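S.K.: Build me a model:
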Amino acid sequence: MKKFKGILIIVALFYLLYFLQMNFFSWFTIRGIMPNTFVILILFIGLFAGKKIGGICGLAFGIILDILIGEGIGFTGIILAIIGLLGEYFDKNFSKDSRVTIILMTTGATIIFEVFNYIANILRFHIEAEILPFILMLLVEVIYNVFLVIIFYPWMKKLGYYIENIFKNKKILTRYF
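M.R.: Here you go, the predicted model:
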């Protein structure tokens, strides 16, 4: 029952972020570029819930996004699944309590997502690669995502530890009772 509640929270967060992404952030673009809140969500799911839940949520949410946006089914899901799996790697090697490391993780995840997405679009649509506009777009999106993480980090951390208690079951007993 607890895990079902955790999954409902994650799905509700996805739909809330989808609403914000498509409605709110479309009004507040920087050079026509919106933040990618789904990368942040999947990274945090991977960090706090583990690689299984992060990978599954990344794949499922990516396929839903591909269906809703209509670009081609599967590419976004695969890339988000990779980011969900990367969340577990980041969790084992870096601290989730430091805002600086979370900012660096978000930067890395955004760069990975956008580079793979750009390469997939080049291969899929047979377009010519334009490096400078892509780097400018990537820079703006990274700054936007980092700005959102800085603002919402305390809430994401509280919710993340709540989800971690549900999915990871880290009940640690001390050596001496």
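S.K.: Report how many residues lie close to the residue nearest to residue 167 when sequence neighbours are not counted.
M.R.: Taking C-beta to C-beta, 6 or more residues apart in numbering, and ignoring the residues beside it in sequence, residue 167 has residue 49 as its nearest neighbour in space, at 4.3 Å. Where you see a C-beta, it was placed from the backbone N, CA and C, and this is true even at glycine. The number of residues packed near residue 49 is 26, by other C-beta atoms under 10 Å.
S.K.: In this structure residue 49 contacts residue 163, no?
M.R.: Yes - using C-beta atoms under 8 Å, residue 49 is in contact with residue 163, at 5.3 Å.
S.K.: I'd like the distance from the residue positioned nearest the centre of the chain to residue 97, if you could.
M.R.: The C-alpha lying nearest the average C-alpha coordinate of the chain belongs to residue 39 (C-alpha atoms, centre = their mean; 2.4 Å). Using C-beta to C-beta, to the nearest Å, one obtains 21 Å as the distance from residue 39 to residue 97.
S.K.: Please apply the same query to residue 56.
M.R.: 26 Å.
S.K.: the more surrounded of those two?
M.R.: Ranked by neighbour count (other C-beta under 10 Å), residue 56 and residue 97 place residue 56 first, with 15 against 9.
S.K.: wait, isn't the more buried one in contact with residue 84?
M.R.: Yes - counting by C-beta under 8 Å, residue 56 touches residue 84, with 7.5 Å between them.
S.K.: can you list residues touching both of the two?
M.R.: Between them, residue 56 and residue 84 share no contacting residue under C-beta atoms under 8 Å, 6 or more residues apart in numbering.
S.K.: ok, the residue nearest to residue 167 - contacts?
M.R.: Taking C-beta under 8 Å, 6+ apart as the definition, contacts of residue 49 comprise 6, 10, 57, 163-164, 166-168.
S.K.: And the pLDDT for residue 174?
M.R.: As summarised for this prediction, residue 174 has a pLDDT of 53.
S.K.: before we move on, what about residue 72?
M.R.: Per-residue pLDDT puts residue 72 at 76.
S.K.: neighbours around it, how many?
M.R.: Summarising burial for residue 72: neighbours were counted as other C-beta under 10 Å, giving 12.
S.K.: my read: it touches residue 124, true?
M.R.: Yes - the pair residue 72 and residue 124 qualifies as a contact (C-beta under 8 Å) at a distance of 6.2 Å.
S.K.: Just the mean pLDDT for the host helix or strand of residue 53, thanks.
M.R.: Element membership of residue 53 [criterion: DSSP states H and E] is helix 51-69. In this model, helix 51-69 carries a mean pLDDT of 92.
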